[in-house]
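J.: Sequence first, then the predicted structure, then my questions.
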Amino acid sequence: SGKNSNTSQFFITLSDAKNVQSLTGKHVVFGELVDGEQVLNLLERCIDPAGGEQPAYSIHIADCGVMPETLNELQKHQCGLI
């Protein structure tokens with residue numbers, strides 16, 4: 001949350017994330033890594049070595065998007081793709 005966030009947040013969880021269980025019932029889990037495993041590996045290297053919940057380094061996602069081929073017709077319409 002915060003300025004220009006549209007009150008949306010997302011979490012990138014890794015397979016050994018210890019607090020994934022706390023998301024149950026509070027958040028919608030979605031998504032699948034289909035490409036860019038090298039980026040995920042870089043994110044994984046930012047894990048706090050002391051085991052904290054926040055990364056040891058700041059991570060900024062500057063550009064992301066939707067893969068149109070993964071959307072159904074309604075979703076494409078809602079995104080303005082058709």
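T.: Yep, that arrived.
J.: show me the contacts for the residue positioned nearest the centre of the chain.
T.: Against the mean C-alpha coordinate of the chain, by C-alpha atoms, centre = their mean, the closest residue is I12 at 4.3 Å. When contacts are counted by C-beta atoms under 8 Å, 6 or more residues apart in numbering, I12 touches L40, L43. To be clear about C-beta, it is placed using only N, CA and C from the backbone, and glycine gets the same treatment.
J.: switch the cut-off to 10 Å
T.: Neighbour list for I12: G31, L33, V39, L40, L43, E44, P55, I59, I61 [criterion: C-beta atoms under 10 Å, 6 or more residues apart in numbering].
J.: any idea what it is structurally, helix, strand or coil?
T.: Using DSSP: H, G, I helix; E, B strand; the rest coil, the structure places I12 in coil.
J.: how much space between it and N72?
T.: Distance of I12 to N72, given as C-beta to C-beta, to the nearest Å: 25 Å.
J.: where exactly do the helices run in the protein?
T.: Along the chain, counting by DSSP state H, helices occupy 37-44, 73-78.
J.: what is the mean pLDDT for the longest one?
T.: With pLDDT averaged residue by residue, helix 37-44 scores 85.
J.: What is it packed up against?
T.: Packing contacts for helix 37-44, counted by 3 or more C-beta pairs under 10 Å, 6 or more residues apart in numbering; DSSP states H and E, involve no helix or strand.
J.: related to what we said a few turns ago, what's the closest of the contacts of I12 to Q78?
T.: G31 (17.6 Å; C-beta to C-beta).
J.: So for the closest one, what's the pLDDT?
T.: Looking at G31, its pLDDT reads 72.
J.: circling back: will you turn the contacts of I12 into TSV that also has distance to C79?
T.: Shown next, in TSV, are the contacts of I12 (distance: C-beta to C-beta, whole Å):
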residue	distance to C79
G31	16
L33	21
V39	23
L40	24
L43	26
E44	30
P55	30
I59	25
I61	19
